[in-house]
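S.K.: What follows is a protein structure lacking sequence information:
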């Protein structure tokens with residue numbers, strides 16, 4: 001029998017299809033797919049490498065570590081935030097933008113908590129920050145006040161979503177926009193007279209209404225605030 005030099009079983013390396021070249025975008029897209037199907041805990045360097053049929057060490061050329069990978073997944077999800085087109089008044093546009101940011105974070109409890117502890121540096125997060133600053137500029141909030149204000153404005157929806165992430169904004173429990181969570185302490189009016197007097201109001205309003213009010217309070221504060229004088233290098 002003639003020896004052809006090819007193993008009797010299996011395919012030669014020349015016959016195997018070439019694997020797509022690794023890219024940062026491809027790695028992040030794979031990580032995002034794992035997140036959506038299995039959750040954030042399953043997004044690791046090893047799981048992504050396995051999905052890409054490569055060694056996990058090769059990923060470090062493109063992403064720093066698992067934390068960086070998670071930050072990029074968050075940035076991918078932020079791509080669904082609806083950015084304003086400038087056709088509406090600046091305040092309405094800003095409130096709508098921040099509410100939609102909160103909506104995206106509320107859809108996944110894990111990314112809501114990630115938004116608190118991780119600051120993404122991808123294009124979608126940059127577009128979000130730019131959009132907030134643009135609306136503030138339209139409203140006359142500029143300079144250091146805007147620079148610090150954008151952080152405050154993004155923290156509020158992120159904090160609410162981190163507490164109530166995984167629920168629909170329309171079905172979140174009373175107090176989901178920052179109010180008390182339960183009325184148990186209203187049963188002793190002699191001890192808590194102010195709470196008792198405002199018991200109904202404390203738990204009134206839809207999550208949407210409470211969130212809009214809170215954001216407008218923050219915006220009013222920025223409009224009235226003096227520019228920070230603290231050395232920005234500190």
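M.R.: Cool, the structure landed. Keep in mind it's a predicted model, so treat the numbers as computed, not measured. Numbering: from 1, shown residues only.

S.K.: mind listing the helices for the protein?
M.R.: 24-38, 45-51, 66-78, 90-106, 109-117, 123-138, 143-164, 193-197, 199-202, 207-224 (DSSP state H).

S.K.: Buried residues, the fifth one. List them.
M.R.: Taking 16 or more other CB atoms under 10 Å as the neighbour-count basis, helix 109-117 is seen to contain the buried residues 109-115. Glycine gets a C-beta too; all of them are placed from N, C-alpha and C.

S.K.: and the helices of the chain as TSV, adding mean pLDDT and distance to residue 57?
M.R.: Shown next, in TSV, are these (pLDDT from 0 to 100; distance: least, CB to CB, whole Å):
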stretch	mean pLDDT	distance to residue 57
helix 24-38	95	13
helix 45-51	96	8
helix 66-78	93	13
helix 90-106	96	33
helix 109-117	84	25
helix 123-138	97	27
helix 143-164	94	33
helix 193-197	89	58
helix 199-202	89	55
helix 207-224	96	44
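
S.K.: Would you tell me which of those helices gets closest to residue 58?
M.R.: Among the helices of the chain, helix 45-51 comes nearest to residue 58, with 7.0 Å by CB to CB.

S.K.: Break this structure into its domains for me.
M.R.: Under the assignment automatic domain parsing, the domains of the chain span 19-63, 81-173+181-224.

S.K.: With distance to residue 72 added, can I get those in JSON lines?
M.R.: What follows is the domains of the chain, written out as JSON lines (distance: least, CB to CB, whole Å):
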{"stretch": "domain 19-63", "distance to residue 72": "4"}
{"stretch": "domain 81-173+181-224", "distance to residue 72": "6"}
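
S.K.: now, of those, which is deepest in the fold?
M.R.: Greatest average neighbour count among these goes to domain 81-173+181-224 (a mean of 17), per mean count of other CB atoms under 10 Å.

S.K.: Any idea how far apart the tips of that domain sit?
M.R.: Start-to-end span of domain 81-173+181-224 (CA to CA, to the nearest Å) is 28 Å.
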